[in-house]
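[1] Whatever this is, show me its structure:
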Amino acid sequence: MDPEKFDEELEENLEAFMKVISSGKAKPYVKSQPAPKNDKGPVKTLVAANFDKIVNDESKDQFEPKYAQLAAKLKSEQPNLILAKFDATANDAPQNFNVEGFPTIFFAPSGKKSTPVKYSGNRDLDHLTEFMKKNAVKSFQKKEEL
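    Sure thing, here's the model as predicted:
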């Protein structure tokens, strides 16, 4: 390619790119696996592309990662509770979900999505359930449930 033509095209592309950035219409690149097509199980699969839509749904409380026994137990009893898993090695996690080890567990209560609660307790069914009861906004309206 002719060096002058290359420089001209580069300048035009850079100028157009800067206009998009200045207008606020540029979207950041976020690494993401494809969103699952059939995600009907008790534990939802999160990827960077669907994270905001699922986790930041204010009508739901969310808890992650995969705890199939807990998810199966709560699926019919707590329709406002979503359990989800997210692979932070294949997807960029949002800033407020600071993954420091695997698995890292967060609870994203309804109305408090910008301040998820990190779980550091025992990873058994009883402790996980008590943690969710304590932090849930929409689920466990009758706290004596379960």
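
[2] alpha carbons only for contacts and neighbour counts from here, please
    Will do.

[3] Could you pull out the buried residues of the helix or strand harbouring residue 75?
    Residue 75 belongs to helix 68-77 when elements are defined using DSSP states H and E. Neighbour-count burial for helix 68-77 flags 70, 71, 74, 75 (criterion: 16 or more other C-alpha atoms under 10 Å).

[4] what's the most centrally placed residue in the chain sitting at in phi/psi?
    Centroid-nearest residue in the chain, with C-alpha atoms, centre = their mean: residue 51, separated by 3.5 Å. Note on residue 51: backbone dihedrals following degrees, to the nearest 10 are phi -60, psi -50.

[5] circling back: next structured bit after the helix holding residue 75?
    Assigned by DSSP H and E, the successor of helix 68-77 is strand 81-86.

[6] starting at the chain centroid, how far to the very next helix or strand once past that following strand?
    Next helix or strand after strand 81-86 toward the C-terminus (DSSP H and E): strand 105-108. Computed by C-alpha atoms, centre = their mean, to the nearest Å, the chain-centroid distance of strand 105-108 equals 9 Å.

[7] then the lengthiest helix in the chain to PDB, C-alphas only?
    Ranked by residue count, the top helix of the chain under DSSP state H comes out as helix 3-23. The C-alpha coordinates for helix 3-23 follow below in PDB (Å, rounded to 0.1, in the frame of the first residue of the first chain):
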ATOM      1  CA  PRO A   3       2.500   5.100   2.500                       C
ATOM      2  CA  GLU A   4       0.800   8.400   1.800                       C
ATOM      3  CA  LYS A   5      -2.600   6.700   1.200                       C
ATOM      4  CA  PHE A   6      -2.100   4.700   4.400                       C
ATOM      5  CA  ASP A   7      -1.400   7.800   6.500                       C
ATOM      6  CA  GLU A   8      -4.500   9.500   5.000                       C
ATOM      7  CA  GLU A   9      -6.800   6.600   5.800                       C
ATOM      8  CA  LEU A  10      -5.300   6.300   9.300                       C
ATOM      9  CA  GLU A  11      -6.000   9.900   9.900                       C
ATOM     10  CA  GLU A  12      -9.600   9.700   8.600                       C
ATOM     11  CA  ASN A  13     -10.300   6.600  10.700                       C
ATOM     12  CA  LEU A  14      -8.700   8.100  13.800                       C
ATOM     13  CA  GLU A  15     -10.700  11.300  13.400                       C
ATOM     14  CA  ALA A  16     -14.000   9.300  13.000                       C
ATOM     15  CA  PHE A  17     -13.100   7.100  16.000                       C
ATOM     16  CA  MET A  18     -12.400  10.200  18.200                       C
ATOM     17  CA  LYS A  19     -15.800  11.700  17.200                       C
ATOM     18  CA  VAL A  20     -17.500   8.500  18.300                       C
ATOM     19  CA  ILE A  21     -15.600   8.500  21.600                       C
ATOM     20  CA  SER A  22     -16.400  12.200  22.200                       C
ATOM     21  CA  SER A  23     -20.100  11.700  21.500                       C
END
